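Participant: No sequence on hand, only this structure:
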């Protein structure tokens with residue numbers, strides 16, 4: 001069942017219980033929010049299999065895992081999470097990472113690519129832009145959660 005929240009967010013509630021799949025290295029899992037149930041899976045393959053701009057894959061009370069796919073030239077958009085720390089890992093592609101204490105001057109500028117991690121403290125303005133020629137595939141951990149359970153945002 002798919003619920004429309006607000007443009008362009010969607011909320012998905014599985015109609016059947018979450019399947020208890022055995023962990024298989026090298027295989028992605030079905031993409032929907034498994035939280036707060038325990039799960040083991042291949043995060044690299046699952047991240048690379050996601051074609052949604054943003055998808056909440058696991059939402060708990062204190063942490064959330066989201067997958068993102070940015071098309072060449074696309075960015076997450078300038079944002080700030082006042083009370084949420086964020087960890088990002090790039091699984092595919094090349095990105096420009098920008099951060100600052102103010103939204104007017106993003107003076108922290110670094111390029112990042114496959115296997116790089118980005119740590120964003122709560123309260124920092126930040127943006128990530130795909131500067132490569134293939135989709136940028138990344139996953140992000142938010143603590144505490146940032147998006148509603150089951151968020152699926154096909155495109156920005």
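Facilitator: Alright, I've got the coordinates. Remember, it's a predicted structure, so these values are computed and weren't measured experimentally.
Participant: Select the helix or strand of the chain having the lowest average pLDDT value.
Facilitator: For the chain, the helix or strand with the lowest mean confidence is strand 2-6, at a mean of 44 (criterion: mean pLDDT, DSSP states H and E).
Participant: What's the local residue count around residue 34?
Facilitator: By other CB atoms under 10 Å, the residues close to residue 34 number 20. To be clear about C-beta, it is placed using only N, CA and C from the backbone, and glycine gets the same treatment.
Participant: Nearest residue to residue 134 in space, please, no chain neighbours.
Facilitator: Setting aside the residues directly before and after it, residue 134 is nearest to residue 93 in space (CB to CB, 6 or more residues apart in numbering), at 5.6 Å.
Participant: Show me the strands in this protein, by range?
Facilitator: Assigned strands in the chain, in chain order: 2-6, 9-12, 54-59, 64-70, 79-80, 85-92, 94-100, 108-113, 117-120, 125-130, 136-143, 151-153 (criterion: DSSP state E).
Participant: will you turn those strands into CSV that also has distance to residue 24 and mean neighbour count?
Facilitator: Below are these laid out as CSV (distance: least, CB to CB, whole Å; neighbours: other CB atoms under 10 Å):
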stretch, distance to residue 24, mean neighbour count
strand 2-6, 27, 10
strand 9-12, 23, 17
strand 54-59, 16, 24
strand 64-70, 18, 24
strand 79-80, 35, 16
strand 85-92, 18, 19
strand 94-100, 29, 19
strand 108-113, 27, 13
strand 117-120, 25, 15
strand 125-130, 29, 21
strand 136-143, 19, 21
strand 151-153, 23, 20
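Participant: any low-confidence regions in the protein?
Facilitator: Residues of the chain meeting the criterion pLDDT under 70: 1-22.
Participant: repeat that for 80
Facilitator: Within the chain, the ranges that satisfy pLDDT under 80 run 1-24.
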